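Q: What would the 3D arrangement of this be:
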Amino acid sequence: MRSKIIIGIVLALCVLATWLFGHLYQELLFIYEQTGTLTDSEYSWVFRLLLNLVGYSTVLLPCYVLYKYLEKSNYFDKIANNSWVSRMLYACFSEHDRIPESTKPVKVEENTKNEGLELAFCFTGLMGAYLVWGLLQEKIMTQNYVMPDGTLLRFNDSQFLVFINRLLGFLIALTRLLSTGQQIIAAPLYKFSYCSLTNIISAWCQYEALKYVSFPTQVLSKSCKVIPVMLMGKLISRNKYETYEYITALLISIGMVLFMFGSHDDASTWGATSASGVCLLALYMWCDSFTSSWQGALFRRHALRPLQMLCAVNLCSCALTAAALLHRAAPHRATANLLRHPMFVADCALLSASSAVGQLLIYRTIARFGPVLFTIIMTLRQAVSILVSCAVYGHSISAIGGVGVVLVFTSVSLRIYCRKRKPAAVK
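A: Next up, the predicted model:
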């Protein structure tokens, strides 16, 4: 009884801390919106990012304090898992394995017969989902919507866009898990918060970067992400990569740079790249590399299914982004007006649906082939999308771009060949 009273007091203090941080966030947001020097500055994104982090902290800091208390008091060794509070705390913070060894699913790496078909399915699905997502992302963040009274409005609330994308992904995964009777929380929920935080920051940076750099420039930065992902995998999971993996990763990055620069008729179509755009893209690459590497480690540690990963990560993402949105004194006026525009609502719905499908395929690919091969698939997707654009709109590819295409596909073929010759290198 004494332990229940103590945990009740701790939970009440966490709620109080959440309210206090929320009040602080509202005050900081009000000061930012009333200070024209900050809002009009080229580096206003820095202040918006800091405000977002304060909003996320209204959830993260109280939960961290609660976790440290439960750990220090050995709560799970003393309290039976028989009340809804203890079950909730167990699902969020317990270090115990959620899946017994005897019920863990068989590792898919043991079945290699359909590896080629699986790889083709993942590549085709990712290419289709993120081709739609990329086009809609550029439209929503860079185009004006004509309102009924003739005024033009442009959407600029990246936080809201991240929230609706993650909310739909969570609802789809939850519905599917409930309908099939699968376990919803298959690992301590707090472990997903790390990759969830970097995931929403990387998504926010991706949307914000379109305000400072052109869309092709953003795609170019993504094409060089293979090496950062490998370095992050080495740092997080202590992965060991063969020499050929480093070489092919470097060749893929070089080939994509040559191809991207050689796939446009006029260099001016790339647009000006400001310092803010470079910083946002660098932060995006770092966060995104950590996200995929951490998810790969979770798949190996807890034998998760892709739907379980999708549900847990998006649940954490919804909690963090909703905290930042709900603590606002009032929603952005432009966003509220655009929500009454049918075309904007349709674009957001389709963007969220393609994002949810893409996330599910991402987790399936990472679970099946690892984060590095997933990054290579996404790099190839970018190359294919540009080839399709050139074929549809008649853009020419220079000789340098042609060399880049050959270099990319040769490097990927070499990597697949070496991977078949040395299957032990994948583990």
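Q: Which residue ranges of this protein form strands?
A: 144-146, 152-154 (DSSP state E).
Q: ok, the last one: who's next to it in the sheet?
A: If I follow you right, that is strand 152-154. Applying DSSP bridges, strand 152-154 is found paired with strand 144-146 (antiparallel).
Q: residues making contact with the strand it pairs with?
A: Residues from elsewhere that reach strand 144-146 (Cβ atoms under 8 Å, 6 or more residues apart in numbering): 152, 153, 154, 155, 338, 341, 343, 344. C-betas here are computed from N, CA, C, even on glycine.
Q: quick check, nearest of those to residue 323?
A: residue 155 (21.3 Å; Cβ to Cβ).
Q: which residues does that closest one contact?
A: Neighbour list for residue 155: 140, 141, 145, 161, 334, 335, 338, 344 [criterion: Cβ under 8 Å, 6+ apart].
Q: can you redo the contacts of strand 144-146 as CSV with pLDDT and distance to residue 55?
A: Output for the contacts of strand 144-146, formatted as CSV (pLDDT from 0 to 100; distance: Cβ to Cβ, whole Å):
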residue, pLDDT, distance to residue 55
152, 81, 29
153, 81, 24
154, 80, 23
155, 81, 19
338, 81, 21
341, 83, 26
343, 88, 29
344, 86, 24
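Q: Can you say which of these are buried?
A: Buried residues within those, counting neighbours by 16 or more other Cβ atoms under 10 Å: 153, 155, 338, 341, 344.
Q: So the fourth one sits against residue 147, correct?
A: Yes: with contact defined as Cβ atoms under 8 Å, residue 341 and residue 147 form a contacting pair (6.6 Å).
Q: which residues do the two both contact?
A: Shared contacts of residue 341 and residue 147 (Cβ under 8 Å, 6+ apart): residue 153.
Q: that older thread, could I get the strands of the chain in JSON lines, plus columns for distance to residue 195?
A: Formatted as JSON lines, those follow (distance: least, Cβ to Cβ, whole Å):
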{"stretch": "strand 144-146", "distance to residue 195": "33"}
{"stretch": "strand 152-154", "distance to residue 195": "31"}
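Q: among those strands, which is nearest residue 316?
A: strand 152-154 (29.9 Å).
Q: re the thing from before, quickly check the contacts of residue 155 for the two that are furthest apart.
A: 145 and 161 (13.9 Å).
Q: These two - which one has more neighbours?
A: Neighbour count, other Cβ atoms under 10 Å: between residue 145 and residue 161, residue 161 has more, with 23 against 19.
Q: pLDDT wise, what is the more buried one at?
A: Here, the pLDDT recorded for residue 161 equals 82.
Q: Against residue 252, how distant is it?
A: 30 Å (Cβ to Cβ, to the nearest Å).
Q: next one: residue 408
A: In terms of Cβ to Cβ, residue 408 sits 6 Å off from residue 252.
Q: same deal with residue 188?
A: According to Cβ to Cβ, residue 188 and residue 252 sit 35 Å apart.
Q: Which one of these two is surrounded by more residues?
A: Legend: neighbour count by other Cβ under 10 Å for residue 188 and residue 252, higher for residue 252 (29 against 20).
Q: Apart from its chain neighbours, what residue comes closest to that one?
A: Excluding its sequence neighbours, the residue lying closest to residue 252 (Cβ to Cβ, 6 or more residues apart in numbering) is residue 411, at 4.8 Å.
Q: likewise residue 189?
A: According to Cβ to Cβ, 6+ apart, the nearest residue to residue 189 is residue 92 (4.4 Å).
Q: how many neighbours does the closest residue to residue 286 other than its chain neighbours have?
A: Spatial nearest neighbour of residue 286, excluding adjacent residues (Cβ to Cβ, 6+ apart): residue 228 at 6.9 Å. Applying other Cβ under 10 Å, we find 20 residues neighbouring residue 228.
Q: tell me the contacts of residue 228?
A: When contacts are counted by Cβ under 8 Å, 6+ apart, residue 228 touches 285, 286, 289.
Q: isn't the last one right next to residue 234, touching?
A: To tie it back to what came earlier, the one meant is residue 289. No: applying Cβ under 8 Å as the test, residue 289 and residue 234 come out as separate, 10.9 Å apart.
Q: State the distance from residue 176 to residue 117.
A: Residue 176 sits 22 Å away from residue 117, going by Cβ to Cβ.
Q: To clarify, my last question referred to residue 50.
A: Taken as Cβ to Cβ, the span from residue 50 to residue 117 is 46 Å.
Q: which one of these two has more residues nearby?
A: Neighbours per residue (other Cβ under 10 Å) separate residue 50 from residue 117, with residue 50 holding more: 12 against 9.
Q: Which pLDDT value goes with that one?
A: Reading off the model, residue 50 has pLDDT 81.
Q: now swap in residue 114 and tell me
A: Model confidence at residue 114 (pLDDT) stands at 69.
Q: Scan the helices and strands of the chain for the one with the lowest mean pLDDT.
A: Ranked by mean pLDDT, DSSP states H and E, the weakest helix or strand in the chain is helix 36-39, scoring a mean of 60.
Q: ok, residue 289 and residue 234, which is more surrounded?
A: Ranked by neighbour count (other Cβ under 10 Å), residue 289 and residue 234 place residue 289 first, with 25 against 13.
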